[in-house]
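Enquirer: Test case, fold it:
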Amino acid sequence: MERLLRDLQYSLRALRRTPGFTAIAVLTLALGIGANTAIFTLLDQVLLRLLPVKNPQQLVLLTMRGRNYGSNWGGNAISYPMFRDFQDHNEVFSSMFCRFPYAGSLTVDGRSERVAVELVSGTYFATLGIAPELGRLFTAEDDRVPTGEPYAVLSYAFWKSRFAGDPAVVGKRLILNNYEVTVVGVAQAGFDGLELGFSPKIFVPIMMQSHVIIGVQEDMLKARRNRWVNAFGRLKPGISQQQAKVSLQPFMHSMLEQEVLEPAFAHASTYDRQEFLKCWIDVLPGSQGRSFTRRQLSTPLWVLIATTGAVLLIACANLANLLLVRGTARTKEIAIRLAIGATRGQIVRQLLIESLSLSFFGGMAGLLLAFWADKALMSIYLPSDSGGLYISSVPDLRILFFTFAVTIVTGITFGLVPA
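Expert: Next up is the predicted model:
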């Protein structure tokens, strides 16, 4: 350790004697490491990070495959009656919930604004393991009476930004789409919903569908021909995603056989009936929720991380060449050190410590550059109302570890060849 400290002190003195070279080397590394850190920050939060809920790996999303006979309000959707049937008749889920994203008009103290609303079943928060920050959350009791639960739960971020964290918000009456609801609680901090790109500010019981969703004449809580809710389940311990999928098919087909006898199929052709009976239920991973935005950004982000990796390799090659030139100019110095007893290993160690020192300074500068770059990218490419894209430019432990790893690998890469 004493020798390493002496080598480090000598490396810092050597770098200080050549400020021009040091500045160019640090700037080159900062650009390479900073670009990689900036893109990895986005990639981590958009593609890799799991939902901030209890055991997210156990969550799965149900989706109906095949040709539906009826209307469809979005991807990965099933009808609410089908959700209730699966909820009551399955052996693979410890609990289930459903949700539907919507946009509504909220009036508070005479001031109206457009907000993201999520209609959720009473088991939503309990299944996810979300605790109340204030007041209470919805329970299974809130799923019993249609239009009989005029309640609302606020997200923590909306409570802080719109109500300044006022604890007196519990019991406050709000007007949502011209219908009065009462705030009963605030969800825990850090939970911003299940969908990247849609962060609900207010949660409402799905029993209030007829009052919240405007312009729909039919009772969507009873309509089997209307697919609109996203149904999630939490797998029981020891049950795999594939086992759940196989287990649900027999009951799924029995439901389809019953539905095809309904009056809604009175004018359906034989072909439509046959195609409908071929439908099946698929079980998808739900640990990251559901997001069309994530699918859109997946390929561009992987391409960007590969591109910035190539940029970092080019930076390493350029610095290796600079160090080779610098090493040539230090031939006399190294010859003297060898002549007075330094071993080849000590010389290599000295040069590696010097390159790692440069890499460290480049990594610190790159971290600052990544923070600035992420803020700039989000301000340029994200619309001002993109409240659902909660992407932080502040590095956390994962980002710091990534930057540290890139810094070490970079230092060894461009330092080993000259050494």
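
Enquirer: Let me see the ranges of the strands in this protein.
Expert: Using DSSP state E, the strands found in the chain span residues 59-65, 71-72, 93-108, 111-120, 132-135, 151-154, 173-176, 179-187, 202-205, 226-227, 230-235, 280-285.

Enquirer: What residues sit buried inside the first one?
Expert: Using 16 or more other Cβ atoms under 10 Å as the test for burial, strand 59-65 gives Leu59, Val60, Leu61, Leu62, Thr63, Met64. No exception for glycine: its C-beta is placed from N, CA and C like everyone else's.

Enquirer: returning to what we had before: out of the strands of the chain, nearest to Val216?
Expert: Closest of those to Val216 is strand 226-227, at 8.8 Å (criterion: Cβ to Cβ).

Enquirer: follow-up on the earlier one: can you tell me which of the strands of the chain has the worst average pLDDT?
Expert: In terms of mean pLDDT, the lowest-scoring of the strands of the chain is strand 71-72 (a mean of 88).

Enquirer: and the buried residues of strand 59-65 as JSON lines, adding distance to Val311?
Expert: Output for the buried residues of strand 59-65, formatted as JSON lines (distance: Cβ to Cβ, whole Å):
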{"residue": "Leu59", "distance to Val311": "37"}
{"residue": "Val60", "distance to Val311": "39"}
{"residue": "Leu61", "distance to Val311": "37"}
{"residue": "Leu62", "distance to Val311": "42"}
{"residue": "Thr63", "distance to Val311": "39"}
{"residue": "Met64", "distance to Val311": "44"}
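
Enquirer: what about Phe86, distance to Met255?
Expert: Relative to Met255, Phe86 is positioned 9 Å away (Cβ to Cβ, to the nearest Å).

Enquirer: Could you do Arg173 as well?
Expert: 40 Å.

Enquirer: So which of these two has more stuff around it?
Expert: Counted by other Cβ atoms under 10 Å, Arg173 and Met255 do not tie: Met255 has more neighbours, with 19 against 11.

Enquirer: doesn't Ser79 make contact with the more buried one?
Expert: No - between Met255 and Ser79 there is no contact under Cβ atoms under 8 Å: 9.8 Å.

Enquirer: ok now stretch 198-210, how far from the chain's centre?
Expert: 21 Å (Cα atoms, centre = their mean, to the nearest Å).

Enquirer: for stretch 405-417, same thing?
Expert: Distance, centroid of stretch 405-417 to centroid of chain: 30 Å (Cα atoms, centre = their mean).

Enquirer: Please apply the same query to stretch 231-240.
Expert: Per Cα atoms, centre = their mean, the centroid offset for stretch 231-240 relative to its chain is 21 Å.

Enquirer: who touches that stretch?
Expert: 55, 58-62, 78, 82-83, 86, 90, 92-99, 127, 194, 241, 244, 283, 286 (Cβ atoms under 8 Å, 6 or more residues apart in numbering).

Enquirer: hmm, 7 Å instead?
Expert: 58-62, 78, 83, 86, 92-98, 127, 244, 286 (Cβ atoms under 7 Å, 6 or more residues apart in numbering).

Enquirer: ok, how many other residues are close to Phe276?
Expert: Residues lying near Phe276 (other Cβ under 10 Å) number 18.

Enquirer: Nearest residue to it in space, ignoring adjacent ones along the chain?
Expert: Leaving aside its sequence neighbours, Phe276 sits nearest to Tyr69 (Cβ to Cβ, 6 or more residues apart in numbering; 4.6 Å).

Enquirer: Pull out the buried residues from stretch 263-280.
Expert: Phe265, Phe276, Cys279.

Enquirer: Now for the second one: which residues touch it?
Expert: Phe276 makes contacts with Arg67, Tyr69, Leu256, Val260, as judged by Cβ under 7 Å, 6+ apart.

Enquirer: Wait, the second one touches Asp272, no?
Expert: Which is Tyr69. Yes - between Tyr69 and Asp272 a contact is recorded at 5.7 Å, counting by Cβ atoms under 7 Å.

Enquirer: can you list the domains in the protein?
Expert: 1-49+293-417, 56-287 (the TED database).

Enquirer: Name the stretch from the ones you listed where average model confidence is lowest.
Expert: domain 1-49+293-417 (a mean of 80).

Enquirer: chain center to that domain: distance?
Expert: Centroid separation for domain 1-49+293-417 versus its chain: 26 Å, with Cα atoms, centre = their mean.

Enquirer: One more: stretch 219-234?
Expert: 25 Å.

Enquirer: before we move on, what about stretch 282-293?
Expert: The answer for stretch 282-293 is 11 Å, by Cα atoms, centre = their mean.

Enquirer: How about stretch 214-231?
Expert: That offset, for stretch 214-231, works out to 28 Å (Cα atoms, centre = their mean).
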